[in-house]
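Trainee: everything below, folded, please.
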Amino acid sequence: MFVQVIEGKAKDPDLWRRQGERWLQELQPGAKGYLGHTGGITADGVAIDVARFESEADARANSDRPEQGAWWNETEKAYDSPVTFTESSDTELLFGGGSNDAGFVQIMKGTVGDPASFRQWGKDHEGDLKKLRPDLLGGLDIWQPDGSYISVAYFTSEAEARKNEGAMGDSPMMGEYMSQHTGEIQFLDITDPVID
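Mentor: Below you'll find the model as predicted:
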């Protein structure tokens, strides 16, 4: 799987949403290898899209389509500054991946000192996490060579996520998780996610 993460400050959220709907209706049928996407706008106006393709070649072929270029030229007008693109085929699924049933999506961005150890720790504790967080439906981790990651977590609802998040504060597992990071973790909350 190859993932593209597009992030920027939205100056016209309505245009951003309309263009998203237009892409699904008009361009998605011709996007070879397209697996799906998750997106939304945070309360402070950050628009983020996580698009998944079967391969990097498929994603590049989609970007090279003339209709994709025309669509993006219009979509860019929804942002008030240049957007950032993060791409990777180094990905991992949590509980089998995301869920279309999610009512709340939280995107975390961080960096760890020892990615291999951190990733193994995550696999070793997946069963514990499932017990502690029944609201967590699944997730997707997108890694970069420098040890930074973008993690997309899918929850039943924001209310359930907040309740169980508080309960996890006393768990030693949370301390172990945080201790492996080399800096602050950025959280992007999407309360009205668009999931395809």
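
Trainee: how about D80: what's its closest non-neighbour residue?
Mentor: In space, and not counting its chain neighbours, D80 is closest to K11: 3.6 Å by C-beta to C-beta, 6 or more residues apart in numbering. Every C-beta, even on glycine, is put in place using the N, C-alpha and C of the backbone.

Trainee: could you do S81 as well?
Mentor: K9 (5.7 Å).

Trainee: circling back: give me the number of residues near the residue nearest to D80?
Mentor: When neighbours are defined as other C-beta atoms under 10 Å, K11 has 14 of them.

Trainee: so for stretch 111-123, mean pLDDT?
Mentor: Confidence for stretch 111-123, expressed as mean pLDDT, is 92.

Trainee: make 21 the starting number, not 1.
Mentor: Sure, I'll start counting at 21 from here, so that last one is stretch 131-143.

Trainee: so in the protein, where's the weakest helix or strand by average pLDDT?
Mentor: Using mean pLDDT, DSSP states H and E, helix 192-199 stands out as the lowest-scoring helix or strand of the chain, at a mean of 80.

Trainee: across the sheet, point out what pairs with the residue nearest the centre of the chain.
Mentor: Residue closest to the mean C-alpha point of the chain, counted by C-alpha atoms, centre = their mean, is V172 at 3.7 Å. Listed beta-bridge partners, V172: I127, L160 (assigned using DSSP bridges).
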